[in-house]
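Colleague: Return a 3D structure for these sequence lines:
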Amino acid sequence: MDRRTFSRHAAGLAGALALAGAGLPERVRAQGGAPVEGVDFRTLARPITVPANGKIEVLEFFWYACPHCFAFEPAVGAWAHRLPADVRFSRVPVGFDARKETHQRIYYTWEALGLVEQMHLSTFLRFHIQHRPIDNLRDMLEFARENGLDVGKVGQAWDSFGVQTRCREARRLEDDYGIEQMPEMAIAGRFVAVARPSVLATTDWLIDRIHRPG
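Modeller: Numbers count the residues shown, from 1 in each chain. This next block holds a predicted model:
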């Protein structure tokens, strides 16, 4: 699927990723063996250079307006807390089009202000429970004001060079990994676990594969 038109085709994943919280390696094996390349995950033809810090880098590609990412958030949040010490998990907001690029700024504004833990879930709730998307700076400042944040600092971060740089880096990563759907998980610059109910189980399996390359 052309990722630039993903939002018009997302219905095919409706509700499926709500099951992802049960996705452990044992679950994958119980459903018929190891994940299947080309179905559950992709191997990159050209591996991506990742930080040489002794950690296995795992990235979640998401979009605040994506209902599947919203359903997935509790599962991936709990899963991230039980990762091995040598795994580094990060979120990457996608920027497939102009609206998604605006939504990228939300996440990186929170990151710049050290507010991801406080505001990430609240942002999802605003989109999907309150049905009040954040599509411009005015919406963002209103949201900040409602949550008792320093509106001036939020506005400065939103337009900052640092946030713009992080958005460019995110778009480079989504291109390098060939991200087409959300949520997808990128592992160690080598693999992408595709958006299926077993995405976390597949990610665990790939991490284990890297731990035991033989």
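
Colleague: which stretches of the chain form strands?
Modeller: For the chain, strands defined by DSSP state E occupy the ranges 41-43, 56-62, 87-93, 184-187, 191-193.

Colleague: quick one: Arg42 and Val194 touch, right?
Modeller: Yes: between Arg42 and Val194 there is a contact at 6.7 Å, judged by Cβ atoms under 8 Å. Quick note: C-beta positions are derived from backbone N, CA and C, even for glycine.

Colleague: if we can go back for a sec, TSV for the strands of the chain, including distance to Glu101, mean neighbour count and mean pLDDT?
Modeller: Below are the strands of the chain laid out as TSV (distance: least, Cβ to Cβ, whole Å; neighbours: other Cβ atoms under 10 Å; pLDDT from 0 to 100):
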stretch	distance to Glu101	mean neighbour count	mean pLDDT
strand 41-43	24	18	98
strand 56-62	14	22	98
strand 87-93	9	18	97
strand 184-187	18	26	98
strand 191-193	21	25	98
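
Colleague: can I get the ones you listed in JSON lines with distance to Met119?
Modeller: Shown next, in JSON lines, are those (distance: least, Cβ to Cβ, whole Å):
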{"stretch": "strand 41-43", "distance to Met119": "31"}
{"stretch": "strand 56-62", "distance to Met119": "14"}
{"stretch": "strand 87-93", "distance to Met119": "13"}
{"stretch": "strand 184-187", "distance to Met119": "22"}
{"stretch": "strand 191-193", "distance to Met119": "26"}
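
Colleague: Among these, which comes closest to Arg212?
Modeller: strand 56-62 (12.3 Å; Cβ to Cβ).

Colleague: Residues contacting that closest one, please?
Modeller: Outside strand 56-62, the residues that touch it by Cβ atoms under 8 Å, 6 or more residues apart in numbering are 50-51, 69, 72, 76, 83, 86-94, 173-174, 177, 179, 182-189, 203, 207, 210-211.

Colleague: just to revisit the earlier point, go through the strands of the chain and name the closest to Gly162.
Modeller: Nearest of the strands of the chain (Cβ to Cβ): strand 87-93, 14.9 Å.

Colleague: for that closest one, packing partners?
Modeller: Under the contact definition 3 or more Cβ pairs under 8 Å, 6 or more residues apart in numbering; DSSP states H and E, strand 87-93 sits against strand 56-62, helix 98-112, helix 161-177.
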